[in-house]
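1. Structure for this input, please:
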Amino acid sequence: MIEVDILDDIAKGVENDIMAAIQKGTSDGLMALALKAQADAQRSILKGPKTGKLYKRGDTMHRASADGEAPANDLGFLAASIKAEATDANTVDLKADAPYAMALEFGTYDMAARPYLGPAGDKARRQGPEVIDAYVKAALK
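-> Coordinates of the predicted model:
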C-alpha cells in the first residue's frame, strides 16, 4: 500500500509539472505572437511609400496613405503607441493608444479606414497554432 501511495504522489507531481509547462508554453507563445503582431503593425505604418494625397504642412511635404492602406507615418506617434500586453496567462491585447488610432483603423464618416492592427492580428491568428505548439513543445523538454 505504501508503494502505491508513493507512485500516486509521483504521478500527480509529474502531471502538475506537465500542466505547468503547457501553460507556460501557451503564455509564452501568445506573447511571442502579440509582439510579432505589434512589430507587423508598426512596420505597416513605417514602411513606404504610401500612395495617397501629397500635401504641404508648414515647410514639410507629407504623403498621406490612400483608402485601405495602413496609415502613413508622420511624426511616429501612432507606431510608437502600439503595444502588446498580457492581460492574463491566456489573453494578450494588441492596442494603439494614440488619440486618433481608432479613427484610422476603422475610418470615420468622411475618411475610409486605414487598417494596421486588424491585418497584423489576423496574420498572428493564422500563425497561432504553429507558434504556440512550438513553445509548448519547448517548455515540455
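2. where does the residue positioned nearest the centre of the chain land in three-state SS?
-> The centroid of the chain falls nearest to A34 when counting by CA atoms, centre = their mean (2.8 Å). Put simply, A34 is helix when judged by DSSP: H, G, I helix; E, B strand; the rest coil.
3. ok, which stretches of this protein are strands?
-> Assigned by DSSP state E, the chain shows strands spanning 54-57, 60-63, 82-88, 91-96.
4. Next, the buried residues of the longest one.
-> Right, the one you point to is strand 82-88. The neighbour-count check on strand 82-88 (16 or more other CB atoms under 10 Å) flags 82, 84 as buried. Glycine gets a C-beta too; all of them are placed from N, C-alpha and C.
5. Next, the angle strand 91-96 makes with that strand.
-> Per axes from the mean of the first three to the mean of the last three CA atoms, to 10 degrees, the angle that strand 82-88 makes with strand 91-96 is 160 degrees.
6. Put the alpha carbons of strand 82-88 into CSV.
-> In CSV, the C-alpha atoms belonging to strand 82-88 read as follows (Å, rounded to 0.1, in the frame of the first residue of the first chain):
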residue,chain,number,x,y,z
ILE,A,82,1.2,50.3,-30.5
LYS,A,83,1.6,47.9,-27.6
ALA,A,84,1.1,44.2,-26.9
GLU,A,85,0.1,43.5,-23.3
ALA,A,86,-0.7,40.3,-21.5
THR,A,87,-4.0,40.7,-19.6
ASP,A,88,-3.7,37.2,-18.0
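7. partners of it in the sheet?
-> Paired with strand 82-88 in the same sheet, following DSSP bridges, are strand 91-96 (antiparallel).
8. hang on, the earlier thing: any chance of the strands of the chain in TSV, with distance to G107 and mean pLDDT too?
-> Listed next are the strands of the chain as TSV, based on distance: least, CB to CB, whole Å; pLDDT from 0 to 100:
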stretch	distance to G107	mean pLDDT
strand 54-57	19	90
strand 60-63	19	89
strand 82-88	18	94
strand 91-96	15	94
